[in-house]
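Colleague: After the sequence you'll find the predicted model.
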Amino acid sequence: MPTATLLKTPFHSFHTEHGAKMVEFAGWDMPLLYTSIMEEHRHCRTQAGFFDVSHMGRLRFSGRHARKFLDRICTRQIHGMEVGQCRYGLVCNERGGCLDDIIIYCFDESEYLMVCNASNRAKLLAHFEAVRAAQPDLVFKLADETETTAMVALQGPKAMEIVGSLSREIPSLKRYRFVQKNLLVVKFVVSRTGYTGEDGVEVILGASMARAAMGMFLKDVRSGTSPIRPIGLGARDTLRMEAGMPLYGHEIDEDTDPISAGLAFAVKVDKGADDERIGSFIGQEALQKIAREGPARKLVGLGLEGRRSARQGMEVRSGGVSVGRITSGCLSPTLDRPVAMGLIDAHLAVEGNSVEIDLRGSPVVARVEKLPFVSRAATT
């Protein structure tokens with residue numbers, strides 16, 4: 001059978017020109033690494049990294065009932081968001097399981113942008129159409145802008161210094177705020193968000209001008225003198241792991257609720273209780289029950305003895321009994337030791353507790369640790 005053609009981001013030629021090892025990810029041809037995961041990870045932690053995240057979904061909601069629809073599908077409250085504010089939340093099923101984690105950008109009370117995971121874009125679009133069909137009184141437009149725009153992340157302790165050379169306004173942005181800017185003929189959105197545990201921004205702009213516009217950030221990459229370097233999906237994963245950030249398909253999925261996954265802050269369980277204009281969200285009743293009774297399992301950080309790393313799906317045991325599973329694991333480049341995240345029985349999810357991880361038939365002791373393992377993001 002013929003192989004499906006992979007989608008390419010506007011930076012695809014940049015990746016291949018700079019020797020990236022390309023891999024398929026959620027239907028896209030994406031850079032796994034340029035030099036090594038370890039080197040790229042440490043460069044982001046000490047200087048700055050450029051991440052092509054154009055594969056992530058960008059869905060625009062506009063019209064009279066755009067806000068009301070988003071309040072129906074999102075665990076966070078969209079009503080009352082300020083212009084220029086971003087808000088992290090989740091889209092859940094009726095059981096409270098996670099269809100995806102998302103970020104909402106508020107342009108005004110009738111226009112919003114949702115950024116979602118690449119692997120879930122098609123699923124979410126189908127879900128939204130089903131919800132719309134069930135509530136035909138909601139009038140709004142939904143436009144998938146993923147392939148007509150580009151998105152990059154600039155992350156690391158020197159990222160804001162680099163961005164500040166282009167605009168004095170951007171470094172003054174607070175976390176989870178964004179601004180729209182024009183640079184020459186290029187219009188773009190810059191938000192102080194990211195997925196590494198470092199400070200930085202994410203930038204959304206038109207696909208046709210993306211490569212030229214980003215050239216100003218990456219002009220000295222080949223010389224090796226630039227503090228910013230391109231970084232692939234491999235280091236993006238180890239960076240988010242150290243920062244204790246969930247990844248869909250690992251820490252969250254359709255059978256895992258956000259409260260168990262440590263994301264209770266992103267769930268407004270009493271949404272709509274005091275304001276009928278807001279209404280309830282899909283999955284709210286199930287999540288209220290979990291919040292009230294407490295989750296059976298909780299997401300924890302785990303520090304392993306020795307040098308072997310745990311992998312997703314490995315069993316966690318206590319007293320010879322299965323008490324959970326690993327969701328993600330790696331050898332932390334910053335801490336130089338193996339760390340993992342896992343969902344374990346709630347009564348064991350206490351910092352300092354010891355458990356065992358079955359590393360393919362060889363048990364290894366691990367201790368519950370506070371998440372994140374590494375945190376350096378600015379709090380301004």
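Modeller: Perfect, thanks for sending it.

Colleague: Kindly report the domain assignment for the protein.
Modeller: What automatic domain parsing lists as the domains of the chain is 1-295, 296-369.

Colleague: Quantify the burial of the residue lying closest to residue 163 once chain neighbours are set aside by counting its neighbouring residues.
Modeller: Residue nearest to residue 163 in three dimensions, not counting chain neighbours: residue 170, with 4.9 Å by Cβ to Cβ, 6 or more residues apart in numbering. To be clear about C-beta, it is placed using only N, CA and C from the backbone, and glycine gets the same treatment. For residue 170, the neighbour count with other Cβ atoms under 10 Å is 19.

Colleague: Please apply the same query to the one 3 residues further on.
Modeller: For residue 173, the neighbour count with other Cβ under 10 Å is 20.

Colleague: Tell me where this protein has helices.
Modeller: Secondary structure of the chain (DSSP state H): helices at 12-17, 37-46, 66-73, 121-134, 159-164, 207-218, 233-242, 284-293.

Colleague: Tell me who's in contact with the closest residue to residue 307 other than its chain neighbours.
Modeller: Closest residue to residue 307 apart from its sequence neighbours, by Cβ to Cβ, 6+ apart: residue 338 at 6.5 Å. Contacts for residue 338 (Cβ atoms under 8 Å, 6 or more residues apart in numbering) come out as 303-304, 306-310, 329-332.

Colleague: try it again with 10 Å
Modeller: Contacts for residue 338 were tallied using Cβ atoms under 10 Å, 6 or more residues apart in numbering; they are 302-310, 329-332, 357, 359, 364, 366.

Colleague: what is it paired to in the beta sheet?
Modeller: residue 331 (DSSP bridges).

Colleague: What separation do you get for it and residue 276?
Modeller: Going from residue 338 to residue 276 by Cβ to Cβ, to the nearest Å gives 50 Å.

Colleague: and what of residue 249?
Modeller: 36 Å.

Colleague: buried residues in stretch 247-263?
Modeller: By neighbour count on 16 or more other Cβ atoms under 10 Å, the buried set for stretch 247-263 is 247-248, 250-254, 256-263.

Colleague: follow-up on the earlier one: report the buried members of the contacts of residue 338.
Modeller: Here, 16+ other Cβ under 10 Å leaves 302-304, 309-310, 329-332, 357, 359, 364, 366 buried among the contacts of residue 338.

Colleague: I'd like to know which of those residues are part of strands.
Modeller: Among the buried ones among the contacts of residue 338, the members found in strands (DSSP state E) are 302-304, 329-332, 357, 359, 364, 366.

Colleague: Closest to residue 34 out of the residues you listed?
Modeller: For those, the closest approach to residue 34 (Cβ to Cβ) belongs to residue 330, at 18.5 Å.

Colleague: ok, now which ones touch that closest one?
Modeller: Contact partners of residue 330, counting by Cβ under 10 Å, 6+ apart, are 37, 41, 234, 237-239, 241-242, 309-311, 338-341.
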